[in-house]
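Enquirer: below is the structure, and that's it, no one-letter string:
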Ligand code: AMP
Ligand code: TRP
């Protein structure tokens with residue numbers, strides 16, 4: 001029996017956050033790489049869909065790759081690489097644009113939210129922001145992926161990827177595996193500590209509600225202790241009515257201390273909950289920071305992992321992308 005193929009990625013648009021870790025990276029390292037044939041990718045092309053500074057994207061890509069190793073991805077068990085090093089992604093993305101309709105792209109929640117925000121500021125929206133899910137579908141389908149471990153916010157893009165795979169197979173013959181998203185049971189959506197009704201996102205302007213993986217322990221403590229809580233003072237787990245407290249309970253639960261509803265019973269003040277959550281997060285991130293500091297001293301090692309990773313990824317993706325080119329009627333080069 002062949003092993004399940006897993007693919008997932010992270011965009012180098014900002015420093016990685018506790019949301020990235022709990023919603024995605026931790027599961028990749030602790031479970032996915034052990035149970036499947038897994039590829040994890042720094043999806044740098046996706047970082048160009050919004051205004052960007054080239055030097056910053058380059059720096060953040062290296063940092064993200066280093067952090068993937070720091071959280072425990074082991075290149076002997078899985079493949080870690082950078083998207084732009086493997087041309088198959090963009091080759092296949094074009095075929096995905098020829099498979100998707102403009103209407104289904106425009107329906108993507110992330111597209112709608114980001115365009116609204118950008119237009120409100122009087123800015124323009126890059127065409128690639130609209131076509132982004134076609135590139136994401138290509139990322140996934142090029143590898144014959146069965147499972148895509150992501151946070152909740154990406155589930156809609158994976159649904160679209162499924163539709164495109166089915167449609168392509170129907171039109172041109174069986175070419176792609178139809179993938180499914182896997183979302184963690186707890187902390188699939190970690191919220192901003194200052195604005196607990198919106199996602200903790202790495203590119204938000206205000207950083208006081210975002211815990212970054214590389215924040216110093218003192219900074220983590222300060223951010224958690226200043227988290228916005230809700231009216232009232234009793235600790236109950238209610239995501240709709242008490243989003244601030246529920247977010248802290250989710251984070252504490254995800255740090256390994258149990259179930260958020262049961263945890264709520266153990267606290268009778270917000271202060272105590274915040275203190276324990278802060279310490280749990282500090283301890284959770286400590287080994288990641290330490291390992292990152294070591295890896296930063298050895299950039300050649302990181303480079304060699306990425307070089308091998310790209311080579312492996314290319315070898316997996318090329319035959320399937322070539323087959324897709326032939327299936328749609330493109331003439332093979334002679
Ligand atoms: P991104 O930061 O958009 O590149 O996301 C990388 C991965 O982290 C994706 O699987 C996201 O779904 C996940 N992720 C990002 N932010 C959060 C969050 N606040 N809570 C849970 N998962 C998240
Ligand atoms: N769109 C994802 C995000 O914003 C990142 C991503 C790009 C991805 N390609 C992917 C995730 C393929 C999983 C599989 O988080």
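Expert: That came through, no problem. What you are looking at is a predicted structure, and each value in this text was computed from that prediction instead of being measured. Ligands and ions are numbered 1, 2, ... in the order given.
Enquirer: from the chain's centroid, how far away is the host helix or strand of residue 105?
Expert: Using DSSP states H and E, residue 105 sits within helix 102-106. Centre-to-centre, helix 102-106 and its host chain are 22 Å apart (C-alpha atoms, centre = their mean, to the nearest Å).
Enquirer: what's whichever helix or strand comes after that helix in contact with?
Expert: Using DSSP H and E, the next helix or strand after helix 102-106 towards the C-terminus is helix 109-120. Residues outside helix 109-120 that contact it (C-beta atoms under 8 Å, 6 or more residues apart in numbering): 50, 105-106, 124-125, 129-130, 132-133, 153, 156-157. Backbone N, C-alpha and C define where each C-beta goes, glycine included.
Enquirer: if we go to 6 Å?
Expert: Contact with helix 109-120 is made by 125, 156, as judged by C-beta atoms under 6 Å, 6 or more residues apart in numbering.
Enquirer: would you mark the buried spots in it?
Expert: 111, 114-115, 118 (16 or more other C-beta atoms under 10 Å).
Enquirer: again with stretch 289-296
Expert: Buried residues in stretch 289-296, counted by 16+ other C-beta under 10 Å: 289, 291-292, 295.
Enquirer: ok, stretch 175-194 next?
Expert: Buried residues in stretch 175-194 (16+ other C-beta under 10 Å): 175-177, 179, 181-184, 186-194.
Enquirer: is it anywhere near ligand 2?
Expert: No. Stretch 175-194 does not reach ligand 2 (C-beta under 6 Å from any ligand atom); its nearest approach is 8.5 Å.
Enquirer: next one: stretch 126-137
Expert: Yes. Counting by C-beta under 6 Å from any ligand atom, ligand 2 has neighbours in stretch 126-137: residue 136.
Enquirer: now the phi/psi pair for the residue of the stretch 201-334 of the chain found nearest ligand 1, please.
Expert: Ligand 1 sits closest to residue 202 of the stretch 201-334 of the chain, with a gap of 5.3 Å, by C-beta to the nearest ligand atom. Per-residue torsions, residue 202: phi -70, psi -20 (degrees, to the nearest 10).
Enquirer: what does the stretch 151-300 of the chain put close to ligand 2?
Expert: For the stretch 151-300 of the chain, the residues in contact with ligand 2 (C-beta under 6 Å from any ligand atom) are 154, 157.
Enquirer: just the strands in the stretch 151-300 of the chain please.
Expert: 180-182 (DSSP state E, counting those that start in this stretch).
Enquirer: kindly report the residues of the stretch 151-300 of the chain close to ligand 1.
Expert: So far as C-beta under 6 Å from any ligand atom goes, the stretch 151-300 of the chain lies against ligand 1 at 151, 153-154, 188-190, 199-202.
Enquirer: and the furthest pair within those?
Expert: Spatial extent of these (C-beta to C-beta) is set by the pair 188 and 202 at 16.5 Å.
Enquirer: any idea how far the residue of the chain at minimum distance from ligand 1 lies from residue 164?
Expert: The nearest approach of the chain to ligand 1 comes at residue 23, 1.9 Å away (C-beta to the nearest ligand atom). Note on residue 23: its distance to residue 164, by C-beta to C-beta, to the nearest Å, is 24 Å.
Enquirer: quick revisit: is the helix holding residue 105 in proximity to ligand 2?
Expert: No. Helix 102-106 lies apart from ligand 2 when judged by C-beta under 6 Å from any ligand atom; the minimum separation is 13.5 Å.
Enquirer: quick one: low-confidence residue ranges for the stretch 201-334 of the chain.
Expert: Along the stretch 201-334 of the chain, the parts satisfying pLDDT under 70 run over 257.
Enquirer: hey, where'd the helices end up in it?
Expert: Here the stretch 201-334 of the chain has its helices, by DSSP state H, counting those that start in this stretch, at 217-225, 243-252, 260-265, 270-296, 299-327.
Enquirer: buried residues in the last one?
Expert: In this case it means helix 299-327. By neighbour count on 16+ other C-beta under 10 Å, the buried set for helix 299-327 is 302, 305-306, 309-310, 312-314, 316-317, 320-321, 324-325, 327.
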